[in-house]
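Colleague: quick one, fold the following:
(2 chains)
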Protein chains: 2
Amino acid sequence: MTIEIAPTNEQAFQQFKPLIEKYNAEKVEQMKSYDPEFYVKCISTIPSDAELDSQSIDPRQYLGQLLDASELKIVNDYTINDLLSKQLDGSLTAVEIANAFIKSAIIAQLTTNCIMQFLIPNALDKAAKLDVYLKENGKLVGPMHGIPISLKEHLSFKGEITHASYVSLLSSVTPKHALTVDIFDKQGALYHVRTAQPQTIMHLDTWNIITGRTRNPRSTKLSPGGSSGGESAAIGMHGSVIGIGTDIGGSIRCPAAFAGICGMRPTVKRVSLLDVTPSSGGQESIVPTIGPLARSIEELDYFMKHYINDGKPWESDTTSIPIPWREAELPQKIKVGVLYTDNLVTPYPAIVRGMKTAAEQLAKHSDTFEIVDLAPYWFSEQEMLDIYTTNLVLYTIDGNKGQLSLTEKSGEPILPLTEHYFKFGGGKPLSAFENRQHNHVRDVNQQRIFEEFFKKTSSSLGLDFILSPTNVSPAEIPAESFYWGYTSFWNLFDYPNVIFPSGVSHDVELDSHVDEGSLLSNEYEKKVWYNTNGSLRYDASQFINAPVGLQLTGKRYDDENVVAAVKKITKALGVGRQ
Amino acid sequence: MTIEIAPTNEQAFQQFKPLIEKYNAEKVEQMKSYDPEFYVKCISTIPSDAELDSQSIDPRQYLGQLLDASELKIVNDYTINDLLSKQLDGSLTAVEIANAFIKSAIIAQLTTNCIMQFLIPNALDKAAKLDVYLKENGKLVGPMHGIPISLKEHLSFKGEITHASYVSLLSSVTPKHALTVDIFDKQGALYHVRTAQPQTIMHLDTWNIITGRTRNPRSTKLSPGGSSGGESAAIGMHGSVIGIGTDIGGSIRCPAAFAGICGMRPTVKRVSLLDVTPSSGGQESIVPTIGPLARSIEELDYFMKHYINDGKPWESDTTSIPIPWREAELPQKIKVGVLYTDNLVTPYPAIVRGMKTAAEQLAKHSDTFEIVDLAPYWFSEQEMLDIYTTNLVLYTIDGNKGQLSLTEKSGEPILPLTEHYFKFGGGKPLSAFENRQHNHVRDVNQQRIFEEFFKKTSSSLGLDFILSPTNVSPAEIPAESFYWGYTSFWNLFDYPNVIFPSGVSHDVELDSHVDEGSLLSNEYEKKVWYNTNGSLRYDASQFINAPVGLQLTGKRYDDENVVAAVKKITKALGVGRQ
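Modeller: All right, here's what the predicted structure looks like:
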């Protein structure tokens, strides 16, 4: 998709354009020089950008057309445990794993444009060393020995440019790894790609001025979500085993749902954000988190367990909380509250159908699950309006000074969803006192959620988990992810979530009916459901192949149990590794 | 001491005066009606307020004069374990314990004016019930069965007025206990007194418009510190076994040091502040904490262990971090960095002598302690100025709107240390953006402290703990605690601390010499050392009997080890239960 937006400062932007061109040329050069023949074959097989952008193409088909059988086994079939055991028994080398995933990542890039930067020499060099180590020592260097992990680009990488999608940072080389990158580096991970994120990293879509738009790995005309949409496309395309994303409003969860994979937003400060670019700059009203995306819940569990228990981030980052990754302790009967709508914006039909299908299926396993419809208990529309206002105001309460100082330097064009974000909650700079008033609204409701839904007393529902939509829509139309509420609600209150595929995908016929009479009249509902001219925006024909991903939420710090519960739920739904 | 400050609104204040009188009259009435004869004996034995305020009287002498031998054993000699085992073996009842501590608390009040409100009927009623329970069940209700715990008044108490020293809140009855009060209530604690705190709870002294000034339990003309000075005086006078204080700038630690007892400021969010009055109001730049004061380190340990492991605050407060109180794990050789001065304000001679005495004594136990002088490694004067500026600005960055809205309602006079506090960092309301810039200064230095002093790598000192003064002065002259840096530094960066007696007290002769040439020229040094007319403010004759309490600081969340290390240190110093 082309972009027709003028730079905010034409003169400044012209000076940065060569940096953009150089950066992108290096990416093409890495793909070409890795295996010129393979690259030519890819180019001739994969449709043009124009076709990919305008059609509902499932790009996963090109893996089968471009990889050989052994490569396909590696990128499609082998779990982490398989990859480790096969290296240990000598039937697979880290170099073979690296090569297979470099190829699938190239296919991912050429179909979905999900890669910000390739690190092919880095991955091949590391893989060779790992093979030598294993041969000499007869053991793995650590739990991620030879496992390809993709990195959202703004996780700083030692000796490389880290620009966080800001054109003005295109010369900014970071001197060391982000701590989380360092932890898995020492555990043997292969870093072969850094993935795309949107301008300012604040869209629920992935589109930036340096590398353009990223496409959905199930339907190329759709959005892969954002801001970790480079990750969800890379994982969805089997270009990597695990991806590391970040989430301050839905940025791991929407991409995971839109790509039909799993993603986790842990409770804050369990995974370290030390040396992520840019730093938080002292923002703590809504604290960002970092977490994994993968094709199965088991891989998320593996990531969290080894990151926390072997990585011990608190030995390097004084803000990390020293809680080990504990054994899950689920009750014999799991009490799940089901939230079909948040009372502020009505989800699209496919989402409602996915929720109902899941709830009905779980209710059938009445020995394992107790299902409670939260409709009579949830916040009212007015309460949700107040909460969402606080939510949005807290994102932009500094008047976006941090982001603007970085976009203004290069004069880069401001994308529509960046403009949308800048205006959140009015977008005006407020006082420290007003900031605290909004924090107070947050704190009161954080405790209220606990007391009304989770606390184990007679006056509470005593839920173990809440099941809810991830987003109003299955994978969105590019640049049209307007409403953050289904995910940002949980950032505001910091309850941990796991996203998982429901097994349901959008169906043009089943999901065509809209009961306009039941829609609400608040501004957010209108923005999602209607065009500015008043016509219905929702068009079932747009969402072919878009998966419905659901969100399970637990008590704060109860991350282990959320993961364990999703294992049981996906089993009950019959949804396995994607 | 009388106060000659005009109300800010004479008319409003006149309307509140009857409430102050009624509140104080009820306190006297509780003391009188409890045991009229004992009260008369106290009044006739204890010197007048004027004498207490002007002389260096050690008020602990009146315990011996006013209590009988069995009462003295209870309030002076029995540890928590003794009190519990004697109840179990039938040699002591909870009612006897309650009566002894009610009497010592009355003596504490009449000498130091440390009690805000008596809860005598509450304690006696609870004690009687505990005795019945023990008799019927043959076991204790919990780990605090029959143990008197005093409560800083702003911890909300069910059905009682909780005013937090604001005159305007003198009719405000709180409907439920603060969670921390509730936790120990269920464990069997006896609540017999709520203790004094200063106006706005933001002095390192204890003086408010409702109950006046609290005196030091070692020297009545001096300050007991603040803001938990009612607690330190009550504990120092053996009026309670354990006290619960709060600390956002030194408010547990200065009082503990000034009273010659132990006090702990745990890492934030390990002890719950739920339903403390007033609420934080969304302030999170410097997060307040809550912690114990007691006459021995063993009692602090007991408090923390049973609060966390039995109380499980995270089951009620969603902001509480679910880390159990773990077994301490000290290295065989404990590496202690010693900070004699913070390079911003030079401590008074008694403090320097106390620090040196302790460091020399620990160095003699070279099998247990490795001592490192931090002088070559600590922040420079300019760095400390920048940090202290951020520290002060963050206290008042909302323009003190929260406090002013409460003082203005009643028109109560504003005390000198309240004025002093209101002007911290300029006292101007700043923007959310500026708040974040100061937060960023905090975050960068919080990590720097970890990496330079605590982290176990070759480029760090790899300390286990830092030993430093608690305050520039031993117990201060009333209304003259100006410099918060030795304690507030650790609030800003949230490293946990324990205060313990050094065994050294101020000595008029030994501590009379001042080397003025070595003093610094920054404004904070001047304010501490000089009067506004340029004459030396420090006068060794003022600090008779003032104890030197030292501060041990550990890594964040390493509270258990800080407590364990203080056990070893006090043993090495030969300092036992006070």
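
Colleague: whatever residue of the stretch 251-400 of chain A ends up closest to chain B: what's it in contact with?
Modeller: Closest residue of the stretch 251-400 of chain A to chain B, Cβ to the nearest Cβ: A:Gly282 (2.9 Å). For glycine as for every other residue, the C-beta is placed from the backbone atoms N, C-alpha and C. A:Gly282 sits next to B:435-443 when contact means Cβ atoms under 8 Å, 6 or more residues apart in numbering or on different chains.

Colleague: try 10 Å
Modeller: A:Gly282 is in contact with A:398, A:402, B:285, B:432-444, counting by Cβ atoms under 10 Å, 6 or more residues apart in numbering or on different chains.

Colleague: for it, which non-adjacent residue is closest in space?
Modeller: Among residues not flanking A:Gly282 along the chain, B:Asn439 sits closest, at 2.9 Å (Cβ to Cβ, 6 or more residues apart in numbering or on different chains).

Colleague: not counting residues beside it along the chain, what's closest to A:Phe433?
Modeller: B:Asp398 is the one closest to A:Phe433 (Cβ to Cβ, 6+ apart), at 4.0 Å.

Colleague: just confirm the one you found contacts B:Ser280, I think it does.
Modeller: No: counting by Cβ atoms under 10 Å, B:Asp398 stays clear of B:Ser280, with 11.4 Å between them.

Colleague: give me the common contacts of the two.
Modeller: Joint contacts of B:Asp398 and B:Ser280 (Cβ under 10 Å, 6+ apart) are A:Arg436.

Colleague: the two: who's more crowded?
Modeller: Set side by side, B:Asp398 and B:Ser280 show more neighbours around B:Asp398, with 24 against 17, by other Cβ atoms under 10 Å in any protein chain shown.

Colleague: for that one, give me the pLDDT.
Modeller: Here, the pLDDT recorded for B:Asp398 equals 95.

Colleague: so it: helix, strand or coil?
Modeller: The three-state label given to B:Asp398 by DSSP: H, G, I helix; E, B strand; the rest coil is coil.

Colleague: contacting residues for it?
Modeller: B:Asp398 makes contacts with A:431-437, B:281-283, B:285, B:404, B:429-430, B:435, as judged by Cβ under 10 Å, 6+ apart.

Colleague: generate a ChimeraX selection restricted to the buried subset of these.
Modeller: Of those, the buried ones can be selected in ChimeraX as follows, counting by 16 or more other Cβ atoms under 10 Å in any protein chain shown:
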select /A:431,432,433,434,435,436,437 /B:281,282,283,285,429,430,435
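
Colleague: in helices only, show me the contacts of B:Asp398.
Modeller: The helices, defined by DSSP state H, take in A:432-437, B:404, B:435 from the contacts of B:Asp398.

Colleague: report the buried residues of stretch A:85-92.
Modeller: Buried residues in stretch A:85-92, counted by 16+ other Cβ under 10 Å: A:86-87, A:92.

Colleague: just give me how far that stretch sits from the chain centre.
Modeller: Computed by Cα atoms, centre = their mean, to the nearest Å, the chain-centroid distance of stretch A:85-92 equals 31 Å.

Colleague: again with stretch A:420-428
Modeller: In this view, stretch A:420-428 has its centroid 22 Å away from the chain centroid, taken as Cα atoms, centre = their mean.

Colleague: what about it, how long is it end to end?
Modeller: With Cα to Cα, to the nearest Å as the measure, stretch A:420-428 spans 13 Å from end to end.

Colleague: tell me which residues of it are tucked away?
Modeller: Buried residues in stretch A:420-428, counting neighbours by 16+ other Cβ under 10 Å, are found at A:420-422, A:424-425, A:427.

Colleague: secondary structure and distance to chain B added to those, as JSON lines?
Modeller: Listed next are the buried residues of stretch A:420-428 as JSON lines, based on DSSP: H, G, I helix; E, B strand; the rest coil; distance: Cβ to the nearest Cβ, whole Å:
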{"residue": "A:His420", "secondary structure": "helix", "distance to chain B": "21"}
{"residue": "A:Tyr421", "secondary structure": "helix", "distance to chain B": "17"}
{"residue": "A:Phe422", "secondary structure": "helix", "distance to chain B": "14"}
{"residue": "A:Phe424", "secondary structure": "helix", "distance to chain B": "14"}
{"residue": "A:Gly425", "secondary structure": "helix", "distance to chain B": "12"}
{"residue": "A:Gly427", "secondary structure": "coil", "distance to chain B": "12"}
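
Colleague: count the neighbours of A:Asp373 for me.
Modeller: 12.

Colleague: and it, what does it touch?
Modeller: Counting by Cβ under 10 Å, 6+ apart, A:Asp373 touches A:337-340, A:359.

Colleague: identify, from the residues you listed, the entry nearest to B:His154.
Modeller: The shortest approach to B:His154 among the contacts of A:Asp373 belongs to A:Gly337, at 35.6 Å (Cβ to Cβ).

Colleague: re the thing from before, list just the nearest of the buried residues of stretch A:85-92 to B:Phe258.
Modeller: Ranked by distance to B:Phe258 (Cβ to Cβ), the buried residues of stretch A:85-92 are led by A:Gln87 at 63.2 Å.

Colleague: distance check, the closest one against chain B.
Modeller: Per Cβ to the nearest Cβ, to the nearest Å, A:Gln87 is found 30 Å from chain B.

Colleague: low-scoring stretches of chain A, by residue?
Modeller: A:1-3 (pLDDT under 70).

Colleague: phi, psi of the residue nearest to the spatial centre of it?
Modeller: Geometric centre of chain A, nearest residue: A:Ile252, 2.3 Å, by Cα atoms, centre = their mean. The phi/psi pair for A:Ile252 (degrees, to the nearest 10) reads phi -100, psi -40.

Colleague: list the contacts of it.
Modeller: Going by Cβ under 10 Å, 6+ apart, A:Ile252 touches A:152, A:225, A:227-228, A:231-232, A:243-246, A:262-266, A:289-293, A:487, A:497-499.

Colleague: can you list the residue ranges for helices in the stretch 301-450 of chain A?
Modeller: A:349-364, A:381-396, A:401-410, A:416-422, A:432-449 (DSSP state H, counting those that start in this stretch).

Colleague: in JSON lines, list the ones you listed along with distance to B:Lys333.
Modeller: Converted to JSON lines, those look like this (distance: least, Cβ to Cβ, whole Å):
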{"stretch": "helix A:349-364", "distance to B:Lys333": "56"}
{"stretch": "helix A:381-396", "distance to B:Lys333": "47"}
{"stretch": "helix A:401-410", "distance to B:Lys333": "45"}
{"stretch": "helix A:416-422", "distance to B:Lys333": "53"}
{"stretch": "helix A:432-449", "distance to B:Lys333": "43"}
